[in-house]
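>>> please find the sequence and the predicted model below.
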Amino acid sequence: MAEPCIEVKNLEKYFTVGKGKLHAVDGVSFKIEKGKTMGVVGESGCGKSTLGRTIIHQHEPTGGQIFFNGKDVTKVKGRALRDLREHMQIVFQDPYSSLNPRYTVEATIREPLLLSHRYSKGELADEVTRLMQLCGIDERLRLAYPHELDGGRRQRVGIARALALHPDFVVCDEPVSALDVSIQAQVLNLLMDLQEQENLTYMFVTHDLSVVRHISHDICVMYLGQLVETSPSKELFERPMHPYTKALLSAIPTTDIHAPYQRIQLKGEITSPINPKPGCRFAARCPYAVDRCREPQELHEMSPNHFVACCRVEELN
Amino acid sequence: MSQNKDFLRIEDLVVEYTSDGEIVQAVNGVSLSLEKGKTLGLVGETGAGKTTIAKTIMRILPEPPARVCRGRIEFEDRDLLNLPEKEMLHIRGNQIAMIFQDPMTALNPVMTVGSQIAEVIELHDHLSGGEAKRKAVEMLEMVGIPGARYDNYPHEFSGGMKQRVVIAMALACAPQLLLADEPTTALDVTIQAQVLEMIADLKKRYDTSMILITHDLGVVARTCDDVAVVYAGEIIENGSLEDIFDHPTHPYTIGLFGALPKLTGNEKRLSPVEGLPPDPTHLPAGCKFSPRCPNVTEACRSGEVPAYEMTPGHFVRCHLAANAAKEV
């Protein structure tokens, strides 16, 4: 494996809520190679956004370690954190609420450049022009406000802002979920082009499995804060091994009307992540659950880089 | 097709909104028909006019700013658009029901879910409080929610359960026509699959006809018998599920499929539809899709584009389809 850009080891993020501790991210470990995309999928509330935000230090981790280009950055503070943030950026889901409504396109993209104190006045304008071109934003929109833009263009502005200071690592948190399919495809293509040109490493958080398959090299599947399976993208779709991954993949509505439809029935609702019991969180809905599932699960490497957190994985596959 | 006795027929519907002194042309001459017991998928992007069509059928458009300029909606031989509101009250909820996209805003937060369902039943079926409650419990259980949760409030339910409550409410009076506006868009895939299966079961049980509004072609593939693709307030292609999915013909329909990441196959880049949907206050002349169309010709930019019938029941509103088809 090439050198990882990001590595997390046993990462934990708990939030204190009225009834106790909400385990949003619970003992997650994985690596993302330089220039590659790690897709993180799961249903709402599984902790995928929290995971991304904890890695870029928007949240302070409760436990575990975060490595960036081989360096332990878990506890960085102050000046070092400020420098680190230049290298780690985020593109948000909702392009309607993540842009300041009183900032023009130019002002939004210029903000991180100004804060870096690295550009003179003349250079600032040139740099904004470069970023707008890079992200396919028409020059005539330079002085437009967010409300004058459609969702796709707003998302391009959000991407230009994230890329302004040449980050190495970008968390894309559901960047196309709010967009219509035809616009979604334009933005996905842009993100893939930018990755090649700028050699970016992405963590792509989404609930849309066809999008994640399209854009990711590797995929993590999360369920209620736990990593249940991680694998190279193609392999995950061809040979899913965890019972949850199998159920999730079988539930995707495909556009092939002749494909046989065999959905794995899941019973019940997602359980609460507040003060969870140890063991596999999926056990409550899993058709194969046994007593052993109530104990903490380990990751089993089933084939190179394909890890599954299920004690019955060998007998079930 | 027109010989069949259709259960719902929409003819040449035109709806406009007035916004800031400008006219928004939301629905521009839509004609549709639906047979008893069938499901029609209305597919299109944000602002295409899908929801406006459904709200016009329900007669719940806010007028003004909306205005139905022209058209006819026939439902079981009644002309819905000219019915007095008093009669419409009996049809709405009783014979035609609607499920809205967002279950969080469709429910009253200060009423228990059970009493919200019972209210519908009391109003339409003229049952006593006790009987209505019994039927409401029955409806809850039918959608897989224990009757013991009758006295819970909406915030005590998850998103999927709330949407099931909304569905129970819509089906409480066994409507003949169900208008489902993005019923599963706000839900996770495993829950979405549960809800879609439940709707399909209930539909079969009551022989309900349905118009399913969605932008998700995967959901359409799984649930619909017929499909109509809406663009800028017009139906640009319609036909059976097989017509649209196996033989998409309009460049926009083809573009929609090309823009979708596939679960199989290895395409490196998607082929998006370039450009943006037109501004509904200033629609282009001729074909509304012409500014974005990769195959545009001079003829496309002026005059009305007729619908051509490719094979029986498969209509395409595009000049390029003309050679392979006969005009209707």
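Great, that's in hand. Since the model is a prediction, treat every value here as computed from it, not as a measurement.
>>> all contacts plus neighbour counts: C-alpha atoms, from now on.
OK.
>>> the strands in chain A, which residues?
Counting by DSSP state E, one finds strands in chain A at the ranges A:4-17, A:20-33, A:37-41, A:63-68, A:71-72, A:88-91, A:169-173, A:201-206, A:218-223, A:226-232, A:300-303, A:306-308.
>>> same check, this time on the stretch 151-300 of chain B
For the stretch 151-300 of chain B, the strands defined by DSSP state E, counting those that start in this stretch occupy B:177-181, B:209-214, B:226-231, B:234-240.
>>> what does the pLDDT read for the residue in chain B positioned nearest to chain A?
Closest contact between chain B and chain A, by C-alpha to the nearest C-alpha, is at residue B:218 (4.4 Å). On pLDDT, residue B:218 comes in at 87.
>>> low pLDDT regions in chain B?
B:1-5, B:265-267, B:324-328 (pLDDT under 70).
>>> and the residue nearest the centre of chain B?
residue B:213 (2.9 Å; C-alpha atoms, centre = their mean).
>>> what residues are bridge-paired with it?
residue B:42, residue B:181 (DSSP bridges).
>>> show me what from the stretch 101-250 of chain B comes close to chain A.
Taking C-alpha under 8 Å from any C-alpha of the partner chain, the part of the stretch 101-250 of chain B that reaches chain A is made up of B:188-190, B:193, B:215, B:217-222, B:242, B:245.
>>> quick one: the helices in the chain?
This is for chain A. Under the criterion DSSP state H, helices of chain A are mapped to A:48-55, A:78-87, A:105-116, A:121-134, A:151-163, A:181-198, A:209-215, A:233-238, A:243-250, A:313-316.
>>> look at chain B instead
Here chain B has its helices, by DSSP H, at B:50-58, B:85-91, B:103-106, B:113-125, B:129-142, B:159-171, B:189-206, B:217-223, B:241-246, B:251-258.
>>> next one: the third one to chain centre, how far?
Using C-alpha atoms, centre = their mean, to the nearest Å, the distance from the centre of helix B:103-106 to the centre of the chain it belongs to is 18 Å.
>>> just for chain A, where's the confidence low?
A:1, A:261, A:268-270.
>>> now residue A:234: closest residue in space that isn't a chain neighbour?
Leaving aside its chain neighbours, residue A:234 sits nearest to residue A:213 (7.4 Å; criterion: C-alpha to C-alpha, 6 or more residues apart in numbering or on different chains).
>>> for that neighbour, give me its contacts.
Applying C-alpha atoms under 8 Å, 6 or more residues apart in numbering or on different chains to residue A:213 gives the contacts A:39, A:233-234, A:237, B:261, B:263.
>>> mind listing the residues bridging to residue A:308?
Assigned bridge partners for residue A:308, using DSSP bridges, are residue A:229, residue A:300.
>>> show me the contacts for it.
Residues in contact with residue A:308 (C-alpha under 8 Å, 6+ apart) are A:228-230, A:241-242, A:298-302.
>>> just the buried residues out of those, in ChimeraX syntax.
The buried residues among the contacts of residue A:308 can be selected in ChimeraX (16 or more other C-alpha atoms under 10 Å in any protein chain shown) with this line:
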select /A:228,229,230,241,242,299,300
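>>> on that earlier part again, of the helices of chain B, flag the one that's most buried.
Highest mean neighbour count among the helices of chain B (mean count of other C-alpha atoms under 10 Å in any protein chain shown): helix B:159-171, with a mean of 25.
>>> now that one and helix B:189-206, what's the angle there?
Between the axes of helix B:159-171 and helix B:189-206, defined by axes from the mean of the first three to the mean of the last three C-alpha atoms, to 10 degrees, the angle is 20 degrees.
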